[in-house]
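Peer 1: give me coordinates for this.
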Amino acid sequence: GEPLAAGTLSPAQYRCIERSCRPAGGEGRVRRKDVGGQTWVANMGAHGRPHAGVVALVALGLIVMVQVLRVTTTHSGMTSPFVSRSPLSRQQLTLGLLAHPTESRLAGARDATILAASPGSASVLVAGGVAATGAAAGGPGAAATAAGAAGAAVAASTAAAPSAASAAAVTAAAATGTRVPSGLDACVYERAPDPRILGPGPHELPAVPLSDVTTCPKRSPFHTLLTAQGTIYNTWQARIMYYHWRKQRAADGRCTDMTGFTRLAAIRDGKPDGLEKQMPTMFLEQLGDDFIRSHFGFGVLNRPHSVRVLLQTPSLLAQIEEEFVMVAETDHILTRPLVNLATLSSPAAYVFGYMHASHRTDWVVKKYWPEGSFKQVQPIGPSPAIITKAQLALFVDDWMDISVDLRSNADAEKCIQGWVQEMWGYSIGAAKHNVTHKLVRDFQAEPGAQAHNLKPDFWKSINVFHYTYGIEYRMDGRPQGVNQIGEWSLDKWHYGGA
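Peer 2: Down below sits the predicted model:
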């Protein structure tokens, strides 16, 4: 607390770390502060010895920090020092190469093409695919030459040193046939073109017009209605869904049943959000914020709302030329070309294992359909489902009204989970109007990482992959624990607030 006389401590007699200064001779710890033109010094203890209480607090903090780090690395499935969980972590690949130099091979020369780029540095394309191909043709000597050439190319790049070194290691491994032993390391990612500038590819031949009934006599066309909202969370899913819709439509040829696509977007004020430049979109005004808040933030109510507005607005409905529509969601990925599974008398829908009615839910059914029974309610939801516009129009009002009422019914909440109440609105409404669906068990699959008895090629026998559950894996291919984030992670709910 005494003012420091000029010259008492020269700059050479102490070293400063931020505002704390320690005399060079070690005789105590001082804090310097300039006030009113004078420099003040506070003694922090003789010989630099801190108070015992401070030591105890610091030790306790270190113990807590170590425990938190142990729990974090355990829950995330990490058994080695933490590294980036990017789709292709070069740190992980390099560590794996050093630890397991000869365990297995890369999945082909194509996997050796690596885009070595780091934030803020130039992108460098290593032509490892060519090097590896040459190595395969020329034997070990050619492999060494290819690896050396690839390494030299990386070393000469302007990329950041760690990234270049890792890329060189991976490229050399590819040239010599070495592979990192994990489930995803054979996947090498290149920078993709901006999807916003992609137009129809040359392979995407236009479908035969609906008016042509002779060229494709067995065709039963349907229009895909992608129910969506304008949130960031929803739009990135919509882009993925539309990409795969286009892919499967092109694979199905000109006589495909997949003739039309519309993103049915519920947007604040119904104003365009820019995504209409990438896919056909119809904009509708979403339900009000106050209404959604009063129903516990259940934005899914915008699905029956959007479909009802479409079906009950002649100018909008006229834009959907097909007789059949498929109600789809943004987190659907088509895995193969989809044929029309419905008929004029029988719509088609997926069987949900958690949608089976019982005596326990009978009172809920009778609340909205007094003369009905739970035995008549099918284990279905609105999506995925293929149905005629006329059939859907029969019960779209009940679909909406029952969904809204269920969402505000505390008693119903006890036996019907909140997140499926809109699905119950659809199934009860359909049964009430005697619209019986054909149950299609292989319409879709919605497995998470914990799914059992799932064949490796399950995607070949289904039509839709629904990534509604978290897909969390360790880098060795084993599933991560429940409600834990894996080293390889695909879980849409991580982005739910966007």
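Peer 1: which stretches in this structure count as helices?
Peer 2: 52-75, 90-99, 128-155, 161-176, 232-251, 289-294, 302-311, 314-317, 362-368, 389-407, 410-413, 421-432 (DSSP state H).
Peer 1: mind telling me which of the ones you listed the model trusts least?
Peer 2: For the helices of the chain, the weakest mean pLDDT is recorded on helix 128-155, namely a mean of 37.
Peer 1: so what does the strand ranked longest in the chain touch, helix or strand wise?
Peer 2: Ordering each strand of the chain by length in residues (DSSP state E) puts strand 258-267 first. Contacts defined by 3 or more CB pairs under 8 Å, 6 or more residues apart in numbering; DSSP states H and E place strand 258-267 against strand 222-229, helix 232-251, strand 281-285, helix 302-311. C-beta: built from backbone N, CA, C; applies to glycine.
Peer 1: let me know which of those is the nearest to residue 331.
Peer 2: Across the helices and strands packed on strand 258-267, residue 331 has its closest neighbour in helix 232-251 (5.1 Å, CB to CB).
Peer 1: for the closest one, which outside residues touch it?
Peer 2: Residues outside helix 232-251 that contact it (CB atoms under 8 Å, 6 or more residues apart in numbering) are 195, 200-201, 203-205, 207, 224, 226, 228, 256, 258, 261, 263, 273, 275, 278-279, 328-338, 492, 495-498.
Peer 1: hmm, residue 287 is touching residue 303, no?
Peer 2: No: the pair residue 287 and residue 303 fails to qualify as a contact (CB atoms under 8 Å) at a distance of 10.4 Å.
Peer 1: who has more neighbours out of the two?
Peer 2: residue 303 (27 against 18; other CB atoms under 10 Å).
Peer 1: how about the contacts made by that one?
Peer 2: Neighbour list for residue 303: 227, 327, 382, 383, 422 [criterion: CB under 8 Å, 6+ apart].
Peer 1: same thing but at 7 Å, please
Peer 2: Going by CB atoms under 7 Å, 6 or more residues apart in numbering, residue 303 touches 227, 382, 422.
Peer 1: in CSV, list the residues you listed along with neighbour count.
Peer 2: What follows is those, written out as CSV (neighbours: other CB atoms under 10 Å):
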residue, neighbour count
227, 25
382, 27
422, 24
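Peer 1: tell me the one of these nearest residue 471?
Peer 2: Looking across the contacts of residue 303 and measuring by CB to CB, the closest to residue 471 is residue 227, at 22.6 Å.
Peer 1: distance of the closest one from residue 434?
Peer 2: 24 Å (CB to CB, to the nearest Å).
Peer 1: got it, and residue 371?
Peer 2: Distance of residue 371 to residue 434, computed by CB to CB: 12 Å.
Peer 1: got it, and residue 334?
Peer 2: In terms of CB to CB, residue 334 sits 30 Å off from residue 434.
Peer 1: out of the two, which sits in the busier spot?
Peer 2: Between residue 334 and residue 434, residue 334 has the larger neighbour count (other CB under 10 Å), namely 24 against 9.
Peer 1: contacts only, for the more buried one.
Peer 2: 244, 245, 248, 463, 464 are the contacts of residue 334 under CB under 7 Å, 6+ apart.
Peer 1: just among those, which is most surrounded?
Peer 2: So for those (other CB under 10 Å), the most neighbours sit at residue 464, 25 neighbours.
Peer 1: list the contacts of that residue.
Peer 2: Going by CB under 7 Å, 6+ apart, the list of residues near residue 464 reads 332, 333, 334, 335, 384, 443, 444.
Peer 1: looking at those residues, which are in strands?
Peer 2: 332, 333, 334, 444.
Peer 1: apart from its neighbours in sequence, what residue is nearest the second one?
Peer 2: When the adjacent residues along the chain are set aside, residue 333 lies closest to residue 465, with 4.4 Å between them (CB to CB, 6 or more residues apart in numbering).
Peer 1: need the contact list for that neighbour.
Peer 2: If a contact means CB under 7 Å, 6+ apart, then residue 465 has 333, 335, 444, 445, 459 as its contacts.
Peer 1: what of residue 350?
Peer 2: 380, 384, 440, 443, 444.
Peer 1: one more time with 6 Å, if that's ok
Peer 2: Neighbouring residues of residue 350 by CB atoms under 6 Å, 6 or more residues apart in numbering: 384, 443, 444.
Peer 1: what would these look like in a markdown table with neighbour count and pLDDT?
Peer 2: A markdown table is the format used below for these (neighbours: other CB atoms under 10 Å; pLDDT from 0 to 100):
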| residue | neighbour count | pLDDT |
| --- | --- | --- |
| 384 | 24 | 97 |
| 443 | 21 | 96 |
| 444 | 22 | 94 |
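Peer 1: list the buried residues of stretch 448-467.
Peer 2: 448, 449, 462, 463, 464, 465, 466, 467 (16 or more other CB atoms under 10 Å).
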